[in-house]
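>>> got a sequence here, can you build the structure:
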Amino acid sequence: MRHTRTITPTEMRVINRSAILDLIRRESPISRSMIAQKLDVSLPTVMRIVDELVEEGLVRPMGKTEWSGGRRRSLLEFNARGQVMIGVDLGGDAFYGAISDLGGTILRETTLPHPGKNSEACYDQLVTMLETLLVQAEQADVTIRGIGVGAPGITDYDRGIVRISPSMEWHNFPLRKRLSERFNLPVIVENDVNLSALGELWFGAEQNVDGLVLFTVGTGIGAGVVLDGAIYRGAHQAAGEVGHLLPGRDFLGWKGRGFGATEEKASSWAVLARAREVLRGKRSDAELAALQITDIFAAHAADESWAHDLLAEAADYLALCVMALGFSFDPDVIVLGGDLALPFSPMEGLIRQRVTGVLPADVRVAASILGRRAAVLGAVTNLLHLTADFYVLRSMA
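Here you go, the predicted model:
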């Protein structure tokens, strides 16, 4: 059982530091006196913490100045381009990696094919990608603050272990330890959808809300839940595994092949498998093998009945997940990501039709504007939290 504990003076200082850094990030340019006024913190405290943040390269003075009756001081801004993070998203059918500055600007990006279900081959491919990005960062002569990796499946964030990842064949895989030893940099390992949810919160269209859920569909189906600005991981760090929801009583006792019941019915690979069955004998084997989810979207747009039927069935299952998330967490917004947010995807509209009037009225549903970059930008956010001793607090009053 957890007990309420007191805050030490050191922790209180770090809390003030977190609040000051976040305010500067969101409202640059800003003066020291305005920070003190908005946060109700003494000006000497603000000045001491700002000096630390400037020394660390997280904040920098601007040319403009403020005057408060004494000497003039420079206004402050978040030093978004002073350092970079390297983020990698291992979800889906390819690995995506990028170098981003602290403000979320992607400087370099690369994609490598998924090597298939082979534990060491997946790790080696990840190392190859990181080595490429590190060389590019060194050539650009920028300071690297750390590496963030979003892994599909259930991760143990505190220990940096990927507990279960069927698509990678990783079981209790010590990813953070191996990467830290190889690259000698701070490393975070997190569920890929959790990182994407953080990326949406800080850099997407729905910034600065209190509660956000990212619902994403691709090879798997998952959700990243952010409550009061922090990832909600659950008691066993498996929150958001909604692909394992049972969509009806007929699924009680479900025994899948490592994937959940809803994933077997409505993930992108499940819809593709069903499409190949429907089209067998109508298209060549080569055409069936090359079929992509975007081809089904195109067929839907062309009013082909088979595509309408497939996507309508998938939307039914996915809408049940969206409603479960809406009623369970009552977020400000549910962001649809993965293949749901691809250009020309009809899925946002199909899901919205099914949940409108059923979800609580104030819960919005919107498509992601970040795509695969969301996980990388979430890694930027998470690494900044880790390396800057960032606190997110909630008053119970």
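>>> which residue ranges of the stretch 51-200 of the chain form helices?
Per DSSP state H, counting those that start in this stretch, the stretch 51-200 of the chain carries helices over the ranges 119-139, 175-183, 192-203.
>>> roughly how far is the second one from the heart of the chain?
In terms of Cα atoms, centre = their mean, to the nearest Å, the centre of helix 175-183 is found 21 Å from the chain centre.
>>> list the buried residues for that helix?
With burial defined by 16 or more other Cβ atoms under 10 Å, the residues of helix 175-183 counted as buried are 175-176, 178-180, 183. No exception for glycine: its C-beta is placed from N, CA and C like everyone else's.
>>> how many neighbours does T128 have?
15 (other Cβ atoms under 10 Å).
>>> give the contact list for the residue lying closest to it once chain neighbours are set aside.
Nearest residue to T128 in three dimensions, chain neighbours excluded: L112, at 6.8 Å (Cβ to Cβ, 6 or more residues apart in numbering). L112 sits next to 94-95, 97, 125, 128-129 when contact means Cβ atoms under 8 Å, 6 or more residues apart in numbering.
>>> most neighbours among those residues, which one?
Top of those by neighbour count (other Cβ under 10 Å): G97, with 26 neighbours.
>>> next, find the distance separating that one from V149.
9 Å (Cβ to Cβ, to the nearest Å).
>>> who touches both of these two?
Contacts common to G97 and V149, judged by Cβ under 8 Å, 6+ apart, are 87-88.
>>> helix or strand for W254, which one?
For W254, there is no helix or strand it lies in under DSSP states H and E.
>>> surely it meets L245?
No. Applying Cβ atoms under 8 Å as the test, W254 and L245 come out as separate, 10.1 Å apart.
>>> pick out whichever of these two has more residues nearby.
Counting neighbours by other Cβ under 10 Å for W254 and for L245 shows that L245 has the greater number, 18 against 13.
>>> state the distance from the nearest residue to the more buried one once chain neighbours are set aside to I351.
Excluding the flanking residues, the one nearest L245 by Cβ to Cβ, 6+ apart is T262, at 5.2 Å. Noted for T262: a distance of 13 Å to I351, by Cβ to Cβ.
>>> turn the buried residues of helix 175-183 into a markdown table, including pLDDT and distance to D210.
A markdown table is the format used below for these (pLDDT from 0 to 100; distance: Cβ to Cβ, whole Å):
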| residue | pLDDT | distance to D210 |
| --- | --- | --- |
| L175 | 97 | 31 |
| R176 | 96 | 29 |
| R178 | 97 | 36 |
| L179 | 97 | 33 |
| S180 | 96 | 33 |
| F183 | 95 | 35 |
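>>> rewinding a little: nearest to L342, of the helices of the stretch 51-200 of the chain?
helix 192-203 (14.6 Å; Cβ to Cβ).
>>> after the closest one, which helix or strand is next?
strand 211-217.
>>> how far off helix 192-203 does that following strand point, in degrees?
For strand 211-217 against helix 192-203, the angle by axes from the mean of the first three to the mean of the last three Cα atoms, to 10 degrees is 130 degrees.
>>> average pLDDT for the helix or strand following strand 211-217?
Remark: after strand 211-217, the chain's next helix or strand is strand 221-227, criterion DSSP H and E. Strand 221-227 shows a mean pLDDT of 93.
>>> kindly export strand 221-227 (C-alpha atoms) in PDB.
Coordinates of each C-alpha in strand 221-227 appear next as PDB, following Å, rounded to 0.1, in the frame of the first residue of the first chain:
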ATOM      1  CA  ILE A 221      -4.500  -2.100 -31.900                       C
ATOM      2  CA  GLY A 222      -3.600   0.000 -28.900                       C
ATOM      3  CA  ALA A 223      -4.200   3.100 -27.000                       C
ATOM      4  CA  GLY A 224      -1.900   5.600 -25.200                       C
ATOM      5  CA  VAL A 225      -3.600   7.300 -22.200                       C
ATOM      6  CA  VAL A 226      -2.400  10.700 -20.900                       C
ATOM      7  CA  LEU A 227      -4.100  11.900 -17.700                       C
END
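>>> could you find the closest non-adjacent residue to G240?
Distances taken as Cβ to Cβ, 6+ apart place A223 nearest to G240, at 3.9 Å, with adjacent residues excluded.
>>> pretty sure that neighbour is touching L212, no?
No. Assessed by Cβ under 8 Å, A223 is found out of contact with L212, at 10.4 Å.
>>> what is in contact with these two at once?
With Cβ under 8 Å, 6+ apart as the test, A223 and L212 both reach A197.
>>> report the contact partners of A137.
84, 86, 99, 108, 144 are the contacts of A137 under Cβ under 8 Å, 6+ apart.
>>> how much space between the fourth one and N79?
Distance check for R108 against N79: by Cβ to Cβ, it reads 19 Å.
>>> now L359, nearest residue through space, not along the chain?
L359 sits nearest to G326 (Cβ to Cβ, 6+ apart), 4.4 Å away.
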